Every structure is written in structure tokens, then in C-alpha cells.
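[1] Sequence and predicted structure are below.
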Amino acid sequence: MAAGGHVAGRRDSPRGPAVLDLGAGTGHHLAGVLDALPGALGIALDTSRPALRHAARAHPDIAAVVADVWQALPVADAAIDLVLDVFSPRNGAEMARVLKPGGVALVVIPTAEHLAELADLHQVNVDPEKVERLERTVGAHLERQSRELVRWTMDLTAEEVAAVLKMSPAGSHRRGGDPPRAATVTGSVELWRFRRSDTRASS
Ligand SMILES: C[S@@+](CC[C@H](N)C(=O)[O-])C[C@H]1O[C@@H](n2cnc3c(N)ncnc32)[C@H](O)[C@@H]1O
């Protein structure tokens, strides 16, 4: 795990696309993307060292780096082909700076339906202003190309429900003291695709 300075690719060229995951957590999503892009190099940024320890092991081509994504990212200008941001803070100006011209940012945000069944049971709420904020923060710096709703259901055990609630920002606001129960819950997210135009889009 590295901290500070710019991230250097660990292989000599030629190399595949560079994928940067902001707030990568355990690296689960980045690992999936790297599996689909043979030869790609993944960079996982997060403030959580425990999460990054998982990310570093999630795929052999992930470099895990401690970094606050609200600050200048430890990545050179126009070095990245694909930025991922799944349920994490979104620094649109820095996304635009590190993306190559034509590079793509995929941003995933929960909809109001996400884990709605748990909201009934345990008061887990999704911020209704997320969409407006995404337009303002990322849309101001990159060209929005598409917006897609992805919806699915999950049969969760009581232990998995407990784990979801623990991860949720609202998890500490649970009503009552009932232990979590097994539940079938809805997953519902929006996948937004942004692109850095060939001429510099950011300010
Ligand atoms: C809801 S989790 C999502 C993790 C991962 N993207 C996923 O979908 O599994 C949000 C992540 O953002 C990280 N995070 C929060 N604030 C951050 C910041 N300012 N800079 C970097 N990472 C941050 C947290 O540590 C956490 O790992």
C-alpha cells in the first residue's frame, strides 16, 4: 500500500488501460473491471487502510493507495482511461484532470429504491439529492453521455442484512433493538457515464 507522491505503473510498456477507482473500498468492483480488461492496471484510492488491504489482494493488477479523493489525486494529468466511482465521494474536477482526452468516468449512485425493504425495517435512507449533486459536481467538468437504471433483488441472510446495515451511513440510526432478519431486498442504482471531451473540458 502506498501513500503520497504519484502512482507509478508497476509494469513497463506496452500496458493496457489504466483504471482508477475513487473510494474503492475492498476493490471488489475494480477487480471485476480488471477481469474484463486483460492487461489493464487498476489503482484503488481510499482513506481506509483496512479496506485498501483487501483491495490490494483483490486482484494482482491493483495498486492500492491511501488518498483523500477531495484533495488533489496522486495521479498525473491525463493518465487514466477509466475512472470508477461506486457509492463514493465524487471530485469532478480531479476526475477531469486525470482522465485522458476521450477517457470515461462511470459513476454509480443508489436510487431511492435501493435497499428500500431495509429502510422500512431499519430506517436506512438514501439521500434524495444525490442526482442533483452528481449533475453539479461531475456534470460541470465532464460531458454526460448516458444514465441507466439497474435494478435487481437479493435474498439476504440475517448476517448479510446485519453487514449491510453496518456499512450504511444510516446504520447507526436503527429503530428499536430487534436483531436483523433475513430479507429479500431490492438493489437499485443509476449508472452514469461521463466522458472527457478531446479538448480539455475541466476548468
Ligand atoms: C460506500 S463505500 C463504497 C466502496 C466501493 N466503491 C464499493 O462500491 O464497494 C465508500 C468508500 O469511500 C471511501 N471514502 C469516503 N470518503 C473518502 C475520501 N474523502 N477519500 C477517499 N475515500 C473515501 C470509504 O472509505 C469507503 O471505502
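    The structure has been received and is ready for your questions.
[2] Strands along this protein, start to end?
    Remark: strands assigned in the chain by DSSP state E are 2-3, 18-22, 41-46, 62-66, 80-86, 99-110, 143-156, 183-195.
[3] What is the burial count for the nearest residue to Gln145 once chain neighbours are set aside?
    Closest residue to Gln145 apart from its sequence neighbours, by CB to CB, 6 or more residues apart in numbering: Arg193 at 4.6 Å. In this view, the C-beta of every residue, glycine as well, is placed from N, C-alpha and C. Using other CB atoms under 10 Å, Arg193 has 15 neighbouring residues.
[4] my read: Arg193 touches Gly103, true?
    No: contact criterion CB atoms under 8 Å: Arg193 and Gly103 do not qualify, at 11.4 Å.
[5] The ligand contacts on this structure?
    Taking CB under 6 Å from any ligand atom, the part of the chain that reaches the ligand is made up of 23-25, 28-29, 45-48, 51, 68-70, 86-89.
[6] quick one: the residue most central in space within the chain from Ala93, how far?
    With distances taken as CA atoms, centre = their mean, Val86 lies nearest the centre of the chain, 2.3 Å away. Here Val86 is placed at a distance of 19 Å from Ala93 (CB to CB, to the nearest Å).
[7] again with Arg147
    Relative to Ala93, and taking CB to CB, Arg147 is found at 21 Å.
[8] in this protein, what secondary structure element scores lowest on mean pLDDT?
    In the chain, the helix or strand scored least confidently by mean pLDDT, DSSP states H and E is strand 2-3, which has a mean of 56.
[9] Tell me what Arg195 is bridged to.
    Under DSSP bridges, the beta-bridge partners of Arg195 are Val104, Glu143.
[10] Is it in contact with Leu142, as I believe?
    Yes: between Arg195 and Leu142 a contact is recorded at 6.3 Å, counting by CB under 8 Å.
[11] so how many other residues sit close to Ala79?
    Neighbours around Ala79, by other CB under 10 Å: 18.
[12] What values do phi and psi take at it?
    The phi/psi pair for Ala79 (degrees, to the nearest 10) reads phi -110, psi -10.
[13] please begin residue numbering at 139 from this point
    Happy to do that; since the first residue is 139 now, the last one works out to Ala217.
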